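> build me a model:
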Amino acid sequence: MFFFKEKKIPLTEIFDENYVDIHSHLLPGIDDGAKNLDDSISLIEKMYSYGIRNFVTTPHVLGDVYPNSTATIKLKLEEVKSELIKRGFNDITIRAAAEYMMDEQFVQRLNNDDILNLKDNFILVEMSYFNAPYNLYDILFEIQLKGYKPVLAHPERYNFYHNDFQNYYKLKKAGCLFQLNFLSLTEQYGGNVKKTAEKLIKENLYDFVGTDAHHHNHLNLLNKIGTKKTVKLIENLVNNNTKFL
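Numbers count the residues shown, from 1 in each chain. You can find the predicted model right below:
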């Protein structure tokens, strides 16, 4: 019996010049992503080799764990932008937003209009992997009351929703947009996450996609999405990301 290995599709054929990656951790030393400026540039350089030219990087803003202020994020962004120019990357656009944990501190920032958006009125939010906030729907309402559109990062990774899929429909009905992690379609987060991601795609519940790149292991694994099956699943979402240009 012969087994034929599926032909790989280069990532440069998936990411065109209009693709914008809206979820990554590329700013140096402020969360669990890039460790320092050299690491930041190295990660961006690798993504550049995949054809990614446009970035909205999103450091964690998470209580006392990653209490990143808007000022800190903007300062780190300028460091990265300056270094990219020094190294000759003149065709890269990079902005900074944040991945906001929906907690009490986030609500306070929201009330103070201290929010970094992806573009226009889109903001990236996340939940704990252990459970949703008890006042989740109140927070989503407050976000929209302030004129923002919540983009929920990697909904497929919230295991507490896996056995009750109706929660995803409830979130969508409450005005939540969904962002898929590319790596959820690999073994990175486990079989249940992959299965849930594929079901969410099938149900047409995703709006956008992102790498959620933290380190080179993530970027090396990203090559695994270069198959005909996966490209067919994600091509519409990749195109949707062009709205963040």
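> where along the protein do the strands fall?
Counting by DSSP state E, one finds strands in the chain at the ranges 20-21, 54-57, 60-61, 93-96, 99-101, 122-126, 149-153, 177-181, 208-210.
> distance to D31 for those strands - can I get that in TSV?
Yep, even glycine has a C-beta here, placed from its N, CA and C like the rest. Conversion of those to TSV gives the following (distance: least, C-beta to C-beta, whole Å):
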stretch	distance to D31
strand 20-21	16
strand 54-57	10
strand 60-61	4
strand 93-96	12
strand 99-101	9
strand 122-126	12
strand 149-153	13
strand 177-181	16
strand 208-210	15
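> list the buried residues of stretch 69-77.
73, 76-77 (16 or more other C-beta atoms under 10 Å).
> next: stretch 181-197.
Quick answer for stretch 181-197 (16+ other C-beta under 10 Å): 181-186, 188-189, 193-194, 196-197.
> need the contact partners of that stretch.
23, 153-154, 156-157, 159, 161-162, 180, 198, 209-212, 218, 221-222, 224-225, 230, 233-234 (C-beta atoms under 8 Å, 6 or more residues apart in numbering).
> alpha carbons of the lengthiest helix in the chain, as PDB, please.
Identified as the longest helix of the chain according to DSSP state H is helix 70-86. Written as PDB, here are the backbone C-alpha positions of helix 70-86 (Å, rounded to 0.1, in the frame of the first residue of the first chain):
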ATOM      1  CA  THR A  70      -1.100  52.400  27.000                       C
ATOM      2  CA  ALA A  71       2.000  54.500  27.400                       C
ATOM      3  CA  THR A  72       4.200  51.500  27.900                       C
ATOM      4  CA  ILE A  73       2.800  49.700  24.900                       C
ATOM      5  CA  LYS A  74       3.300  52.800  22.700                       C
ATOM      6  CA  LEU A  75       6.900  53.200  23.900                       C
ATOM      7  CA  LYS A  76       7.800  49.600  23.100                       C
ATOM      8  CA  LEU A  77       6.100  49.900  19.700                       C
ATOM      9  CA  GLU A  78       8.300  52.900  18.800                       C
ATOM     10  CA  GLU A  79      11.400  51.000  19.800                       C
ATOM     11  CA  VAL A  80      10.400  48.200  17.400                       C
ATOM     12  CA  LYS A  81       9.500  50.500  14.600                       C
ATOM     13  CA  SER A  82      12.800  52.400  14.900                       C
ATOM     14  CA  GLU A  83      14.800  49.100  14.900                       C
ATOM     15  CA  LEU A  84      12.900  47.800  11.800                       C
ATOM     16  CA  ILE A  85      13.800  50.900   9.900                       C
ATOM     17  CA  LYS A  86      17.500  50.600  11.000                       C
END
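> what mean pLDDT does it have?
The average pLDDT within helix 70-86 is 98.
> so how far is that helix from its chain's centroid?
19 Å (C-alpha atoms, centre = their mean, to the nearest Å).
> repeat for stretch 117-132
9 Å.
> repeat that for stretch 146-164.
12 Å.
> neighbours of F89, how many?
Using other C-beta atoms under 10 Å, F89 has 16 other residues around it.
> which ones are touching it?
44-45, 48.
> one more pass at 10 Å, please.
Taking C-beta atoms under 10 Å, 6 or more residues apart in numbering, we find F89 in contact with 41, 44-45, 48, 53, 81, 83.
> between those, which is closest to N112?
K81 (26.0 Å; C-beta to C-beta).
> quick one: the closest one from K195, how far?
39 Å (C-beta to C-beta, to the nearest Å).
> got it, and D38?
Separation of D38 from K195 (C-beta to C-beta): 38 Å.
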